[in-house]
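Participant: here is a sequence with its predicted model. Questions after.
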Amino acid sequence: MFKSKAENGQNNICGANVYKLRKNMKPKMSQRALAERLQLYGMDVDKNAIQRIECGLRFVTDIELLAIAKVFGVTLDSLVSND
C-alpha cells in the first residue's frame, strides 16, 4: 500500500528540523521572517505555511526544501534526517 506520510504520521520529516534551525538562530528567527526570506527565493509561503510545516501538517516540495536549506545554510540531508 502506498504511504504519503512519514512513519510518525506527519506530512513531512523536515518540520522538526526547520523548527530547531529557526529557534537556534542568533537572534531567533520568527516564522514570519523565515517566510519573508523564502519569498526572496520565489516561494509562495507565509507565516501560516511555516507553522504548518513545522508541525508536520503540510507537505514540503523539493523546491521548497532547497530554498529552506539555502536560507539556513545547511544541506538537504540535514533537513530530512531523523536525528
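Facilitator: Thanks, I have the structure now. Numbering: from 1, shown residues only.
Participant: which regions of the protein sit below the pLDDT cut-off?
Facilitator: The chain contains residues with pLDDT under 70 at 1-3, 83.
Participant: helices of that one, start to end?
Facilitator: Secondary structure of the chain (DSSP state H): helices located at 15-23, 31-39, 47-54, 62-72, 76-80.
Participant: out of those, nearest to Lys5?
Facilitator: With CB to CB as the measure, helix 15-23 is the member of these nearest Lys5 (12.2 Å). Using the backbone N, CA and C atoms, a C-beta is placed for each residue, glycine as well.
Participant: now do the buried residues in that closest one.
Facilitator: Neighbour counts using 16 or more other CB atoms under 10 Å place 15-19, 21-22 of helix 15-23 among the buried residues.
Participant: okay, the residues you listed in TSV with distance to Glu64 next?
Facilitator: What follows is the buried residues of helix 15-23, written out as TSV (distance: CB to CB, whole Å):
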residue	distance to Glu64
Gly15	12
Ala16	16
Asn17	13
Val18	10
Tyr19	15
Leu21	14
Arg22	14
